[in-house]
Every structure is written in C-alpha cells, then in structure tokens.
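Participant: Predicted coordinates and the sequence they were generated for:
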Amino acid sequence: PIGRDEAAPTKRAVTPDGQPSRTEYTVLERFPTGVLLRVRPLTGRTHQIRVHMAALGHPVLGDPVYGGQRKGFPGLAGQCLHARRLTFRHPRTGEQVTVSCPLPDYFQAVLTRCGRLV
C-alpha cells in the first residue's frame, strides 16, 4: 500500500494505511552496476514505480526524490525510468490507444556504459 510519507508530505511511501497498489516487474538484464527491468503498474498511485522500487531497496537510477544515486554516472540527464509504451482507453471514444516512444539518448548511454550492446 502507498500513502503519504509522514516525514516528507510531498513524497509517498509504502505505509500500512496507504491505498492498495500493485506493481509487477521482470528482470530483463543484470549488470554489475544495476538491473534493467520491465515494470508494469497494475494500479495508478502517485510515484508508484519509484516508491515500490525504493521500498525494495532498488531505487530508480537518477531518482533524486527516492534515493536513486547518480554516483558513477556523471552527467546523467534524468531518471532511468521510461514509458516505452502506454495503452489506455480514449475517454470520449472508448477506443484503445497505444503510444510508444524510444529510449532517450541519456538512457541508451547508461545501458551502454553498463555493458549492454545497444
């Protein structure tokens, strides 16, 4: 369950009295410096993926709020969290819409630096 972080009200945290939330993840690749995951939030809580990963002790690389250090990655331009594909029902037509986007260059650079042949 995810609720407000009492120590920092603008943040969220896994809390016993929080709203039910569920995130599935699959390990795609392991590197000496981290892991590439496919993550699928099954509920829609604020900062859900970031909160769940941090609670597991594996914060998103580059996440300044939930502890994903940039150590060892100078010049990292942002978090290494990217929505490759989003699918949703259009609110007016009810039609299923899918939008996709390639990884940003900085994210590709991190994967290359970790040892992945992009």
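Facilitator: Nice, thanks for sending it over. Residues are numbered from 1 along each chain as shown.

Participant: List the contacts of the longest helix seen in the chain.
Facilitator: Taking DSSP state H as the assignment, the helix of the chain that covers the most residues is helix 105-114. Contact with helix 105-114 is made by 31-34, 36, 61, 73, 76-78, 80, 82, 103, 118, as judged by C-beta atoms under 8 Å, 6 or more residues apart in numbering. (Glycine included, C-beta is placed from N, CA and C.)

Participant: how about 6 Å then?
Facilitator: Outside helix 105-114, the residues that touch it by C-beta atoms under 6 Å, 6 or more residues apart in numbering are 31, 33, 77, 80, 82, 118.

Participant: Over to stretch 2-17?
Facilitator: With C-beta under 6 Å, 6+ apart as the test, stretch 2-17 has contacts from 18-19, 21, 45-47, 51, 55.

Participant: Looking at those, which are in helices?
Facilitator: Residues of the contacts of stretch 2-17 located in helices (DSSP H): 51, 55.

Participant: CSV for the contacts of stretch 2-17, including pLDDT?
Facilitator: Converted to CSV, the contacts of stretch 2-17 look like this (pLDDT from 0 to 100):
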residue, pLDDT
Gly18, 96
Gln19, 97
Ser21, 98
Arg45, 96
Thr46, 95
His47, 97
Val51, 98
Ala55, 96
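
Participant: does the residue of the chain most remote from its centre count as helix, strand or coil?
Facilitator: The centre of the chain is farthest from one residue, Thr93, which by C-alpha atoms, centre = their mean lies 29.3 Å away. Using DSSP: H, G, I helix; E, B strand; the rest coil, the secondary structure recorded for Thr93 is coil.

Participant: which intervals of this structure have sub-threshold pLDDT?
Facilitator: Scanning the chain for pLDDT under 70 picks out the ranges 117-118.

Participant: how about the strands in the protein?
Facilitator: With DSSP state E as the criterion, the chain has strands at 2-5, 8-14, 23-31, 34-41, 85-89, 96-100.

Participant: out of those, deepest packed?
Facilitator: Neighbour counts (mean count of other C-beta atoms under 10 Å) averaged over each of these peak at strand 2-5, with a mean of 18.

Participant: now Tyr66: how far from Arg30?
Facilitator: Using C-beta to C-beta, to the nearest Å, Tyr66 is found at 21 Å from Arg30.
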